[in-house]
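Undergrad: Here is a sequence together with a model predicted from it:
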Amino acid sequence: MAAASFFSMPCLLILLGVFFIGCSSGTARRVTSDTAANTDGEPAATTMMEMFQRWKAEYNRSYATPEEERRRLRVYARNVRYIEATNAAAGLAYELGETAYTDLTNDEFMAMYTAPPLRSAADDDDDAATTTIITTRAGPVDEHQQPEVYFNESAGAPASVDWRASGAVTEVKDQGRCGSCWAFSTVAVVEGIQKIKKGKLVSLSEQELVDCDTLDSGCDGGVSYRALEWITANGGITTRDDYPYTGAAAAACDRAKLSHHAATIAGLRRVATRSEASLQNAAAAQPVAVSIEAGGDNFQHYRKGVYDGPCGTRLNHGVTVVGYGQEEAPADGGAAGDKYWIIKNSWGKNWGDQGYIKMKKDVAGKPEGLCGIAIRPSFPLM
């Protein structure tokens, strides 16, 4: 009996231990299911997998191997946790959210959808004084000609402008994994001025610029004012239907289509650098091509609201100012909200606010504008 009692006690303790461990696990599972978080404050694996599967279906995403899918799940989970933590922080003027790029690390995203800065932002002051502006159709480049710079700091511009409401903006496009943002912002401003001046909105060819513009570098980057120079010298640009976008790098220029001119411009203007007032006056008249620093997790995951950083001035992405405005005052009274630029991007409609972002305007102490938006603006003449 003594022997039996001796051995029965450990067995009983083991059984009790298993019982309590099982209860604890069951309780943990119920808490995880209810709160979608484990003891480390991370979303539950089962819930995160469900979220990932839903995200994959929404954005039609699939992966070549199970290993790649597991890696993308880990990246997705990290991004979701970052998005949730950032949105929970007090005082944020904008909101992050899932986009078509939530399975990418920020380094991957930057490598795929931005281009390396072509020069130091400080060089743009000198550049604006030395870059040739061609002002005649198909005219030769005169390297000694001084450019005409648009400088207008009057207070005469309307309080808000949205060229989308005027029908002067085509639908948001997607540059894909090609550093051709500069071509998209260039095409957007030519599309806009043609609608304003001639009453017709035509989707123009980014691929013609990627393939044929010898002043820029195709999928390796470029600058809108140089692309506008090229369009002027070429005598015009064709439609997207005539020269479709492929996003292919180093493709041969289809020279037979260089004379298919669906839009022509008479030259361009560089907006005075580091003058948001001049940029506003220019944008009041037509869409304007700008360069910004588009980087960091917050920019990648932007969903809505007025973006106010973080960002610097290493200009690595071309976008289009299609208007500006100001957030309304709260219903219970008080001052009006932030002023903002309306920016058309080229990362498709599944990024940002249907492909757009509002960027804070007239930031105190930043003559270069948020993310360098006022450093390198330009627009075409027609």
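TA: Ah, there it is. Numbering: from 1, shown residues only.

Undergrad: quick one: low-confidence parts of the protein?
TA: Low-confidence segments of the chain (pLDDT under 70): 1-45, 118-147, 333.

Undergrad: For it, which segments count as helices?
TA: 2-35, 45-58, 66-88, 106-113, 123-130, 181-198, 206-212, 224-234, 276-283, 297-300 (DSSP state H).

Undergrad: Could I get the buried residue list for the fourth one?
TA: Neighbour-count burial for helix 106-113, counted by 16 or more other CB atoms under 10 Å, picks out 106, 109-110, 113. Where you see a C-beta, it was placed from the backbone N, CA and C, and this is true even at glycine.

Undergrad: and it, what other elements does it pack with?
TA: Secondary-structure packing of helix 106-113 (3 or more CB pairs under 8 Å, 6 or more residues apart in numbering; DSSP states H and E): helix 297-300.

Undergrad: so what does the helix it packs on touch, helix or strand wise?
TA: helix 66-88, helix 106-113.

Undergrad: And for that helix, what's in contact with it?
TA: 79, 82, 86, 94, 96, 99, 101, 104, 106, 109, 307, 309-311 (CB atoms under 8 Å, 6 or more residues apart in numbering).

Undergrad: so what strands line up beside the longest strand along the chain?
TA: Assignment by DSSP state E gives strand 317-326 as the longest strand of the chain. Sheet partners assigned to strand 317-326 using DSSP bridges are listed as strand 161-162 (antiparallel), strand 288-292 (antiparallel), strand 339-344 (antiparallel).

Undergrad: tilt between it and helix 181-198?
TA: Our comparison of strand 317-326 with helix 181-198, counting by axes from the mean of the first three to the mean of the last three CA atoms, to 10 degrees, yields an angle of 50 degrees.

Undergrad: Would you mark the buried spots in strand 317-326?
TA: Residues 317-325 are the ones in strand 317-326 that count as buried (16+ other CB under 10 Å).

Undergrad: would a markdown table of the residues you listed with distance to V149 be doable?
TA: Shown next, in a markdown table, are the buried residues of strand 317-326 (distance: CB to CB, whole Å):
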| residue | distance to V149 |
| --- | --- |
| H317 | 23 |
| G318 | 19 |
| V319 | 21 |
| T320 | 20 |
| V321 | 17 |
| V322 | 22 |
| G323 | 22 |
| Y324 | 21 |
| G325 | 26 |
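
Undergrad: what's the most buried one of the helices and strands packed on helix 297-300?
TA: When you average the neighbours per residue for each of the helices and strands packed on helix 297-300 (mean count of other CB atoms under 10 Å), helix 106-113 leads with a mean of 17.

Undergrad: Please tell me how far A289 sits from Q300.
TA: Separation of A289 from Q300 (CB to CB, to the nearest Å) stands at 22 Å.

Undergrad: How is this structure divided into domains?
TA: 12-90, 112-381 (automatic domain parsing).

Undergrad: out of those, deepest packed?
TA: Of all those, domain 112-381 carries the top mean neighbour count, a mean of 19, counting by mean count of other CB under 10 Å.

Undergrad: Off-centre distance for it?
TA: Centre-to-centre, domain 112-381 and its host chain are 12 Å apart (CA atoms, centre = their mean, to the nearest Å).

Undergrad: Please renumber the chain so that the first residue is 59 from this point on.
TA: From this message on, residue numbering opens at 59, which makes the last subject domain 170-439.

Undergrad: what's the span of that domain from first residue to last?
TA: Length of domain 170-439, first residue to last, CA to CA, to the nearest Å: 32 Å.

Undergrad: I'd assumed G325 was in contact with L439.
TA: Yes: contact criterion CB atoms under 8 Å: L439 and G325 qualify, at 4.6 Å.

Undergrad: gap between the two ends of stretch 222-237?
TA: Start-to-end, stretch 222-237 (CA to CA) is 25 Å.

Undergrad: Contacts for that stretch, please.
TA: For stretch 222-237, the external contacting residues (CB under 8 Å, 6+ apart) are 170-173, 221, 239, 241-242, 246, 249-250, 253-254, 259, 261, 264, 268, 276-279, 303, 305-307, 344-345, 380-381, 400, 402-407, 412-414.

Undergrad: what's the answer for stretch 264-271, then?
TA: For stretch 264-271, contacts defined as CB under 8 Å, 6+ apart pick out 231, 233, 236, 238, 240-242, 244-245, 274, 276-277, 280, 284-285, 288-289, 292, 295-296, 298, 301-306, 309-313, 315-316.

Undergrad: got it, and stretch 296-308?
TA: Here stretch 296-308 has contacts from 231, 233-236, 238, 260-266, 268, 276-278, 312, 315, 318-320, using CB under 8 Å, 6+ apart.
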